[in-house]
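Peer 1: need a 3D model of the sequence below.
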Amino acid sequence: MRTRGFIWLTLYAIAMAYVEAALVVHLRHLYYADNPLALFPLRLLSHTDLAIELGRELATLLMLTSIALLTERDSGRRFAAFVYVFGTWDLGYYAWLKILLDWPQSWYEWDVLFLLPWPWFGPWLTPALIALLFTVWGSAILLSSRRPRFNRVSGGLFFGGSVAGLVAFLIPAGILLPQGEAAFQDYQPGSFPWILFVPALIAMTIGLVYAWRNKSKA
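Peer 2: Numbering: from 1, shown residues only. Presented below is the predicted three-dimensional model:
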């Protein structure tokens, strides 16, 4: 990828991050009018707003995937483009929230990270660490002329780490779901399963590094 294309891809991700952060700021002021900085205990979205949010998240994933497919032709580099724009978008989202809302106010402040297939919970730092990994690795690929190649080892490590990280985010809501909406309204974050998340992040990192080393000329 030429430097000019990389810059435009970066600007796209940062602009998407602003759009998402701006919407979240509006939702915070609407649902947490007394204190937009305090996310817990949760104030549940109306069914209409929840349906709109789920649709918006699907649209966001489609936009991130589409730009990656349009940017590169090789499958490995398309994956690199996707993780790069995803990581940059996620880091930009938290940066814009800090600028627009002065949130988060601590490194370990918890957030509702995503809503599909059910709510993800965790300190905002955890997805930011994954996003940083994606941004660094994706940029290293896109600014070179190499094609990353996943084999059984690298692919297994990355996939296994991704699943383990996802489980760490889904555990709280998975426990709450059988108890109904009232349980979510009373939910206060407890301890995060770092014992699961840290090995997951390490596995993802090793998998991406191996895929980078197992490369070919573009």
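Peer 1: switch to C-alpha atoms for all contacts and neighbour counts from now on
Peer 2: Fine.
Peer 1: against Leu113, how distant is Gln196?
Peer 2: To be clear, residue 196 is Leu; Gln isn't right here. Counting by Cα to Cα, to the nearest Å, the separation of Leu196 from Leu113 is 17 Å.
Peer 1: whoops, Ala81 was the one
Peer 2: Distance, Ala81 to Leu113, by Cα to Cα: 22 Å.
Peer 1: who's more crowded, the two?
Peer 2: More neighbours surround Ala81 than the other of Ala81 and Leu113, with 30 against 16 (other Cα atoms under 10 Å).
Peer 1: quick one, longest helix in the protein?
Peer 2: In the chain, with assignment by DSSP state H, the single longest helix is helix 3-31.
Peer 1: counting contacts, what elements does that helix pack onto?
Peer 2: Here helix 3-31 touches helix 75-101, going by 3 or more Cα pairs under 8 Å, 6 or more residues apart in numbering; DSSP states H and E.
Peer 1: quick one: mean pLDDT for the helix it packs on?
Peer 2: In this model, helix 75-101 has a mean pLDDT of 97.
Peer 1: buried residues in that helix?
Peer 2: Judged by neighbour count using 16 or more other Cα atoms under 10 Å, the buried positions of helix 75-101 are 76-97, 101.
Peer 1: that helix packs against which elements?
Peer 2: Checked by 3+ Cα pairs under 8 Å, 6+ apart, helix 75-101 has helix 3-31, helix 47-71, helix 125-142, strand 146-148 packed alongside it.
Peer 1: elements contacting whichever helix or strand comes after that helix?
Peer 2: Going down the chain from helix 75-101, the next helix or strand is strand 110-114, by DSSP states H and E. Identification of packing neighbours for strand 110-114 by 3+ Cα pairs under 8 Å, 6+ apart yields strand 120-123.
Peer 1: so can I have JSON lines of the helices and strands packed on helix 75-101 showing distance to Ile171?
Peer 2: Shown next, in JSON lines, are those (distance: least, Cα to Cα, whole Å):
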{"stretch": "helix 3-31", "distance to Ile171": "23"}
{"stretch": "helix 47-71", "distance to Ile171": "19"}
{"stretch": "helix 125-142", "distance to Ile171": "14"}
{"stretch": "strand 146-148", "distance to Ile171": "32"}
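Peer 1: of the ones you listed, which approaches Glu181 most closely?
Peer 2: helix 47-71 (11.6 Å; Cα to Cα).
Peer 1: in contact with Glu20, which residues?
Peer 2: Tyr93 (Cα atoms under 8 Å, 6 or more residues apart in numbering).
Peer 1: what about it, distance to Ser66?
Peer 2: As defined by Cα to Cα, Glu20 lies at a distance of 17 Å from Ser66.
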